[in-house]
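# give me the fold of what follows.
(chains A and B)
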Amino acid sequence: MTTRATSIGWGVTGVLAVVVAWELYKYLGPAEGVTVGDTGDAGSGQIILPRTHDRAMPHVWSMIVRLFEPTSGGDSPALIVSVAAAAAVTLGIAVVGWLIGVLVGFGLSLVMQRWRLLEWGLLPWIVVSQTVPLIALAPVINAIGNQIDRSGTPWPQWLSVAVIASYLAFFPVAVGALRGLQSPDRIHLDLMRTYGSGYWPTLVRLRLPAAVPHLLPALRLAAANAVLGVVVAEVSIGMRGGLGRMLIQLAGQGSSDPAAPWGPIFGAVVLGLIAAGSVALIGVGLKDYRRGEATS
Amino acid sequence: MTSALPAAVKATGVDKVFTGSRGEVTALAGVDLEVAAGEFVSLIGPSGCGKSTLLRLIADLETSTGGTLEIFGKSASQARQDQDYGIAFQQAGLLPWRTVRDNIGLPLQLHGQDKRTRAARVDELTALVGLDEFVDHHPDQLSGGMQQRVAIARALASQPRLLLMDEPFGALDEMTREYLQSELTRIAAETQAAVVFVTHSIPEAVFLSDRVVVMSPRPGRITDIIDVSLAGERDEALRESPAYFERVTAVREALHGTHVDRPNER
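Below you'll find the model as predicted:
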């Protein structure tokens, strides 16, 4: 229990440290930042220290106060309410993207473990796939979705977003699950052979349980990636209703309302924590399979 | 040894050549060995003499490249599929996520035995190896010696007529080792199983075995077979008896005989 309290203590300290660093720099740094090689023309030179005035760096407390003010003036609901609604939309899509990513990634890891040749053929492509910028990929997937939609099969826009998010989510699962499925010791594989057990019993009784300690961190990474993917994809294909679009809109009004974009940013952070935390709950149910793990 | 049963192991002119990137390595050359049903035979020799390879051939974990190998009159592959043998290695090799009960029951579960039959058999086995109180523990809660006892119980689960053991006590301290040696002779006598036991230790081989097979390396072959034939029960008194020391000396001399022309090897 004391170790738990200690870790919570350190977590809070970490967050406070970021707040203190932000406010400290804002207090000490020059209002217009530091620019090197400024020729006097607008936009010339390299900014090496950011500006600290209130439009560039609002106070942390103004960000928090802003959360409880109307979203866009007048009678509109408080910013935090709008953020929560948008976050719910984003989270729903992220869950779908996570599920698609986990299924695809896990399927890939199974065939790569089964056939060494497929591992050699597929793994390099799986790694390369993550170097393709999501921004470039998103419109392509959206266009394909629209084609499918036009040809009669309904393809809602959110599904494109989910597919794009799954593109980020499948990677850690494919790599992590493959390592996990390959993790049993020689002695265990020998034993299974002496029991005359074939591929499926060995998979179910040995490889899958042995993969759990590798799989859980992979699923957690996939969850965080799915949230990130949904936010980026929403921006990239212009889907309304989610956090991504809200972030872009509020950032556009940033010079007049600098604290507002921090609402959806906090929302995205909270979503990431919820996503990673939910996966941690899966780990609780599988704790017997994590014996021998050094740390969680 | 005069029983009508076919020999537990019958190897005739068995060769094993490993083909690797650096060419061929002859691990075993012309090995002839017969182990009768119920007999306890140890394989002893320096590192690289092929004793583990011979055990793995019997277990059908490797395939011989020459000669014939019969287990109870069947091919090694058939014997493996029929679960004619149980096996234990130097590491216990327990599955860390399974309790002692489920580890011992694993081979039975894989062969489709229902839960109740399994539980009854596991109870017998934990009693046999003296681990009744620990059935619901996980391997990480057990000492090395206890883990090895679980591994032996698991090897016995399918009631095999042949037990293959590859230095099962090699990683244990001397006290635990001697204790488990006594336990093993008792278990082997109770189960009437033949045992092929690979070891580095001369006293261990003499204490346990009916016969000690002495092997030498490059290529791995059998150089001597020593009949231990120590009558009576194998208890702690045996370790002090002159007959025991006599056999230890005999095995040591047989091992050294293979060393004279190869002084650079231990």
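
# is B:Gly67 in a helix, a strand, or coil?
strand (DSSP: H, G, I helix; E, B strand; the rest coil).

# which residues are in contact with it?
B:11-15, B:30-31 (Cβ atoms under 8 Å, 6 or more residues apart in numbering or on different chains). Placement of C-beta: from N, CA and C, glycine included.

# who touches the helix or strand that contains A:Gly263?
If you go by DSSP states H and E, A:Gly263 is part of helix A:262-285. Helix A:262-285 is contacted from outside by A:58, A:63, A:66-67, A:79-80, A:82-84, A:86-87, A:90-91, A:94, A:98, A:216, A:219-220, A:222-224, A:226-228, A:231, A:243, A:246-247, A:250, A:290, A:296, using Cβ under 8 Å, 6+ apart.

# can you pull out the helices in the stretch 1-150 of chain A?
A:2-28, A:60-67, A:79-114, A:116-129, A:134-150 (DSSP state H, counting those that start in this stretch).

# pick the most deeply packed of these.
Greatest average neighbour count among the helices of the stretch 1-150 of chain A goes to helix A:79-114 (a mean of 21), per mean count of other Cβ atoms under 10 Å in any protein chain shown.

# what mean pLDDT does that one get?
Across helix A:79-114, pLDDT averages out at 93.

# closest point of the stretch 1-150 of chain B to chain A, which residue?
For the stretch 1-150 of chain B and chain A, the shortest gap (Cβ to the nearest Cβ) falls at B:Gly93, measuring 4.0 Å.

# okay, and for the chain, where does confidence drop off?
With no chain named, the answer covers chain A. A:1, A:42-43, A:292-296 (pLDDT under 70).

# oops, chain B please
Using pLDDT under 70, the flagged stretches of chain B are B:1-5, B:231-233, B:258-266.

# show me how it divides into domains.
B:1-84+B:161-175+B:187-266, B:93-159 (automatic domain parsing).

# ok, which of those comes nearest A:Ala17?
domain B:93-159 (36.7 Å; Cβ to Cβ).

# give the bridge partners for the residue nearest to the spatial centre of chain B, please.
Closest residue to the average C-alpha location of chain B: B:Met165 at 2.3 Å, with Cα atoms, centre = their mean. With DSSP bridges applied, the residues forming beta bridges to B:Met165 are B:Ala88, B:Phe197.

# could you measure from it over to A:Arg186?
Using Cβ to Cβ, to the nearest Å, B:Met165 is found at 17 Å from A:Arg186.

# then A:Ile135?
From A:Ile135 to A:Arg186 the distance is 45 Å (Cβ to Cβ).

# repeat for B:Leu108
On the measure of Cβ to Cβ, B:Leu108 and A:Arg186 end up 23 Å apart.

# out of those two, which sits in the more crowded spot?
Higher neighbour count among B:Leu108 and A:Arg186: B:Leu108, with 22 against 11, using other Cβ atoms under 10 Å in any protein chain shown.

# name the nearest residue to the more buried one, sequence neighbours excluded.
Distances taken as Cβ to Cβ, 6 or more residues apart in numbering or on different chains place B:Arg118 nearest to B:Leu108, at 4.7 Å, with adjacent residues excluded.

# and B:His137, by the same measure?
Closest residue in space to B:His137, ignoring its immediate chain neighbours: B:Val100 at 5.5 Å, by Cβ to Cβ, 6+ apart.

# which ones are touching that neighbour?
Applying Cβ under 8 Å, 6+ apart, the residues near B:Val100 are B:126, B:131, B:134-139, B:142, B:150.

# mind putting these into a markdown table with secondary structure and neighbour count?
Formatted as a markdown table, those follow (DSSP: H, G, I helix; E, B strand; the rest coil; neighbours: other Cβ atoms under 10 Å in any protein chain shown):
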| residue | secondary structure | neighbour count |
| --- | --- | --- |
| B:Thr126 | helix | 20 |
| B:Leu131 | coil | 19 |
| B:Phe134 | helix | 18 |
| B:Val135 | coil | 19 |
| B:Asp136 | coil | 10 |
| B:His137 | coil | 15 |
| B:His138 | coil | 19 |
| B:Pro139 | helix | 21 |
| B:Leu142 | coil | 18 |
| B:Val150 | helix | 28 |
